[in-house]
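S.K.: Can you look at this prediction? I've put the sequence above it.
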Amino acid sequence: MLNQYYGDYVTVAIFIAVGALLVGGAVGASKLLAPRRPGDFKDVAYESGIEPVGGGWNQSHIRYYVFALLFLIFDVEAVFIFPWALQLDTFQAVGRGVFILVEMFIFVVILLVGLIYAIRKGVLKWE
């Protein structure tokens, strides 16, 4: 039984090693076989065939990052709610359905309070 336990780890280690060898081989082959013709024109940033205007540095407003983080938070919320919704009838069959329902209600209320806070702060205004 212990031999089977370590055998599973050996199998995973073999898959990791084969994957690393395949990636390393592909990167090494591209380094060896790719043509190298450096030039000034190749160092210019490409913008849909139009000559680049201005510098490469552009500062973005922090609101866009906060908007993206809020999207991720509520996306992860959906990831937590979906399996719960699929297993709710199983929880009810065991007799823990009410407890699980109240627990999820508290979870959604906490996220709703966060959403209301974000709306009042004006984070979700896209300008």
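M.R.: Cool, the structure landed. Residues are numbered from 1 along each chain as shown.

S.K.: Am I right that Val123 is in a strand?
M.R.: No. Going by DSSP: H, G, I helix; E, B strand; the rest coil, the assignment for Val123 is coil, not a strand.

S.K.: Am I right that it is in contact with Tyr65?
M.R.: No. If you go by C-beta atoms under 8 Å, Val123 and Tyr65 don't touch, sitting 10.4 Å apart. Every C-beta, even on glycine, is put in place using the N, C-alpha and C of the backbone.

S.K.: In terms of packing, which of those two has more residues around it?
M.R.: A direct count of neighbours by other C-beta atoms under 10 Å for Val123 and Tyr65 places Val123 higher, at 16 against 10.

S.K.: need the contact list for the more buried one.
M.R.: Val123 sits next to Arg63, Val66, Phe67, Leu70 when contact means C-beta atoms under 8 Å, 6 or more residues apart in numbering.

S.K.: Can you flag which of those belong to helices?
M.R.: Taking DSSP state H, the ones among the contacts of Val123 that sit in helices are Arg63, Val66, Phe67, Leu70.

S.K.: ok, the third one to Asp43 distance?
M.R.: For Phe67, the distance to Asp43 under the criterion C-beta to C-beta, to the nearest Å works out to 34 Å.

S.K.: quick one: which of those two has more around it?
M.R.: More neighbours surround Phe67 than the other of Phe67 and Asp43, with 15 against 7 (other C-beta under 10 Å).

S.K.: so what's the more buried one up against?
M.R.: Counted by C-beta under 8 Å, 6+ apart, Phe67 has contacts Val123, Leu124, Trp126.

S.K.: Could you find the closest non-adjacent residue to Gly114?
M.R.: Ile73 (7.4 Å; C-beta to C-beta, 6 or more residues apart in numbering).

S.K.: Quickly find the element holding the one you found.
M.R.: helix 62-94 (DSSP states H and E).
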